[in-house]
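*Asks:* Okay, sequence plus prediction incoming.
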Amino acid sequence: MADILMLEVTTPTGLALETEAEYVQAPSVQGEFGVLPNHLPVLAALKCGLMKYKANGQTHVACIGPGFIEAEPDRVIVLSDLFASPESIDVDEAKKELDEAVKTLAAYGERHEGPEYEELQRDIDWAQARIDCVAEADRLS
(Lines give C-alpha, C1' and ligand atoms only; values in the text may rest on other atoms or scores of the structure.)
Protein backbone atom coordinates (compact mmCIF):
# COMPACT_ATOMS: atom_id res chain seq x y z
CA MET A 1 0.00 0.00 0.00
CA ALA A 2 1.35 3.36 -1.03
CA ASP A 3 1.49 6.26 1.39
CA ILE A 4 2.41 8.79 -1.29
CA LEU A 5 0.58 9.86 -4.43
CA MET A 6 2.18 10.85 -7.69
CA LEU A 7 0.46 14.09 -8.74
CA GLU A 8 0.50 15.06 -12.41
CA VAL A 9 -1.16 18.18 -13.82
CA THR A 10 -1.38 18.36 -17.59
CA THR A 11 -2.64 21.27 -19.69
CA PRO A 12 -2.99 21.56 -23.47
CA THR A 13 0.59 22.91 -23.54
CA GLY A 14 2.06 19.94 -21.66
CA LEU A 15 2.98 18.73 -18.19
CA ALA A 16 2.55 21.66 -15.78
CA LEU A 17 3.33 19.89 -12.50
CA GLU A 18 4.70 16.53 -11.46
CA THR A 19 5.41 15.84 -7.80
CA GLU A 20 4.88 13.36 -5.01
CA ALA A 21 2.08 14.38 -2.66
CA GLU A 22 0.62 13.25 0.63
CA TYR A 23 -2.83 14.51 -0.35
CA VAL A 24 -4.51 16.50 -3.11
CA GLN A 25 -7.57 18.74 -2.84
CA ALA A 26 -9.28 20.19 -5.91
CA PRO A 27 -12.51 22.03 -6.80
CA SER A 28 -14.92 19.61 -8.46
CA VAL A 29 -18.22 20.71 -9.93
CA GLN A 30 -19.89 18.83 -7.04
CA GLY A 31 -17.76 20.54 -4.36
CA GLU A 32 -14.26 20.18 -2.93
CA PHE A 33 -12.65 16.86 -3.80
CA GLY A 34 -9.92 15.35 -1.62
CA VAL A 35 -7.63 12.43 -2.39
CA LEU A 36 -5.42 10.53 0.03
CA PRO A 37 -3.19 7.56 -0.83
CA ASN A 38 -5.12 4.34 -1.50
CA HIS A 39 -8.19 6.25 -2.69
CA LEU A 40 -10.65 4.20 -4.67
CA PRO A 41 -10.47 4.92 -8.41
CA VAL A 42 -12.67 7.84 -9.39
CA LEU A 43 -13.05 10.37 -12.18
CA ALA A 44 -14.54 13.80 -11.45
CA ALA A 45 -15.15 17.01 -13.39
CA LEU A 46 -13.28 20.07 -12.14
CA LYS A 47 -14.23 23.71 -12.06
CA CYS A 48 -11.95 26.71 -11.91
CA GLY A 49 -10.42 27.25 -8.47
CA LEU A 50 -7.64 26.40 -6.03
CA MET A 51 -5.86 23.08 -5.94
CA LYS A 52 -3.95 22.29 -2.74
CA TYR A 53 -1.49 19.51 -2.21
CA LYS A 54 0.91 18.52 0.52
CA ALA A 55 4.45 17.60 -0.52
CA ASN A 56 7.39 17.01 1.82
CA GLY A 57 5.26 18.06 4.78
CA GLN A 58 4.43 21.46 3.27
CA THR A 59 1.07 22.54 1.84
CA HIS A 60 1.24 24.08 -1.63
CA VAL A 61 -1.42 25.83 -3.67
CA ALA A 62 -1.99 26.41 -7.38
CA CYS A 63 -4.97 27.39 -9.47
CA ILE A 64 -6.53 25.25 -12.13
CA GLY A 65 -9.18 25.78 -14.74
CA PRO A 66 -11.99 23.48 -15.83
CA GLY A 67 -11.04 19.89 -16.53
CA PHE A 68 -10.98 16.45 -14.96
CA ILE A 69 -9.28 14.71 -12.06
CA GLU A 70 -8.61 10.99 -12.06
CA ALA A 71 -7.67 9.40 -8.75
CA GLU A 72 -6.10 6.00 -8.37
CA PRO A 73 -4.67 4.40 -5.22
CA ASP A 74 -1.16 5.69 -5.94
CA ARG A 75 -1.59 8.64 -8.29
CA VAL A 76 -3.71 11.63 -9.22
CA ILE A 77 -3.93 12.97 -12.75
CA VAL A 78 -5.39 16.41 -13.35
CA LEU A 79 -6.28 17.36 -16.92
CA SER A 80 -7.03 21.07 -16.96
CA ASP A 81 -7.36 23.80 -19.54
CA LEU A 82 -5.44 26.19 -17.28
CA PHE A 83 -2.82 26.02 -14.52
CA ALA A 84 -0.85 28.66 -12.63
CA SER A 85 1.46 28.52 -9.66
CA PRO A 86 1.46 31.50 -7.27
CA GLU A 87 4.92 32.55 -8.45
CA SER A 88 3.74 32.88 -12.05
CA ILE A 89 0.72 35.09 -11.26
CA ASP A 90 0.63 38.86 -11.75
CA VAL A 91 -2.03 39.84 -9.20
CA ASP A 92 -2.45 43.35 -10.61
CA GLU A 93 -3.10 41.92 -14.07
CA ALA A 94 -5.58 39.39 -12.65
CA LYS A 95 -7.44 42.17 -10.79
CA LYS A 96 -7.56 44.25 -13.98
CA GLU A 97 -8.93 41.29 -15.95
CA LEU A 98 -11.51 40.64 -13.23
CA ASP A 99 -12.70 44.26 -13.24
CA GLU A 100 -12.97 44.34 -17.04
CA ALA A 101 -14.87 41.06 -17.21
CA VAL A 102 -17.28 42.10 -14.43
CA LYS A 103 -18.00 45.40 -16.21
CA THR A 104 -18.60 43.62 -19.51
CA LEU A 105 -20.82 41.06 -17.80
CA ALA A 106 -22.89 43.83 -16.20
CA ALA A 107 -23.81 44.99 -19.70
CA TYR A 108 -25.57 41.65 -20.23
CA GLY A 109 -28.23 42.61 -17.70
CA GLU A 110 -30.67 39.77 -17.19
CA ARG A 111 -29.36 37.74 -20.16
CA HIS A 112 -27.39 34.93 -18.50
CA GLU A 113 -26.95 32.58 -21.40
CA GLY A 114 -25.02 32.03 -24.58
CA PRO A 115 -21.38 31.38 -25.39
CA GLU A 116 -20.27 34.99 -24.83
CA TYR A 117 -21.80 34.99 -21.34
CA GLU A 118 -20.18 31.65 -20.51
CA GLU A 119 -16.79 32.88 -21.72
CA LEU A 120 -17.06 36.00 -19.57
CA GLN A 121 -17.99 33.88 -16.57
CA ARG A 122 -14.93 31.68 -17.19
CA ASP A 123 -12.75 34.81 -17.40
CA ILE A 124 -14.16 36.02 -14.07
CA ASP A 125 -13.64 32.62 -12.43
CA TRP A 126 -10.04 32.36 -13.72
CA ALA A 127 -9.09 35.88 -12.63
CA GLN A 128 -10.60 35.32 -9.18
CA ALA A 129 -8.85 31.95 -8.84
CA ARG A 130 -5.47 33.57 -9.57
CA ILE A 131 -6.11 36.33 -7.02
CA ASP A 132 -7.18 33.75 -4.43
CA CYS A 133 -4.17 31.55 -5.22
CA VAL A 134 -1.67 34.29 -4.41
CA ALA A 135 -3.56 35.23 -1.24
CA GLU A 136 -3.64 31.60 -0.08
CA ALA A 137 0.06 31.11 -0.88
CA ASP A 138 0.88 34.20 1.19
CA ARG A 139 -1.25 32.85 4.03
CA LEU A 140 0.50 29.47 3.91
CA SER A 141 4.02 30.93 3.91
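*Replies:* Received, thanks.
*Asks:* do you know how far K96 is from V24?
*Replies:* 31 Å (Cβ to Cβ, to the nearest Å). Every residue, glycine included, has its C-beta placed from N, CA and C.
*Asks:* Then E72?
*Replies:* 12 Å.
*Asks:* more crowded one of those two?
*Replies:* V24 (24 against 16; other Cβ atoms under 10 Å).
*Asks:* which ones are touching T11?
*Replies:* S80, D81, L82, F83 (Cβ atoms under 8 Å, 6 or more residues apart in numbering).
*Asks:* In terms of pLDDT, where does the third one sit?
*Replies:* Just to be clear, that refers to L82. At L82, the model reports a pLDDT of 97.
*Asks:* Which helix in this structure has the most residues?
*Replies:* What stands out as the longest helix in the chain, according to DSSP state H, is helix 115-140.
*Asks:* list the buried ones in stretch 129-141?
*Replies:* A129, R130, I131, C133, V134, E136, A137 (16 or more other Cβ atoms under 10 Å).
*Asks:* out of everything not next to it in sequence, what's closest to the first one?
*Replies:* Read it as A129. C63 (4.1 Å; Cβ to Cβ, 6 or more residues apart in numbering).
*Asks:* Quick check, central residue of this protein?
*Replies:* Centroid-nearest residue in the chain: I64, 2.3 Å away (criterion: Cα atoms, centre = their mean).
*Asks:* can you pull the contacts of it?
*Replies:* Counted by Cβ under 8 Å, 6+ apart, I64 has contacts 9, 26-27, 46, 48-51, 78, 80, 82-83, 129.
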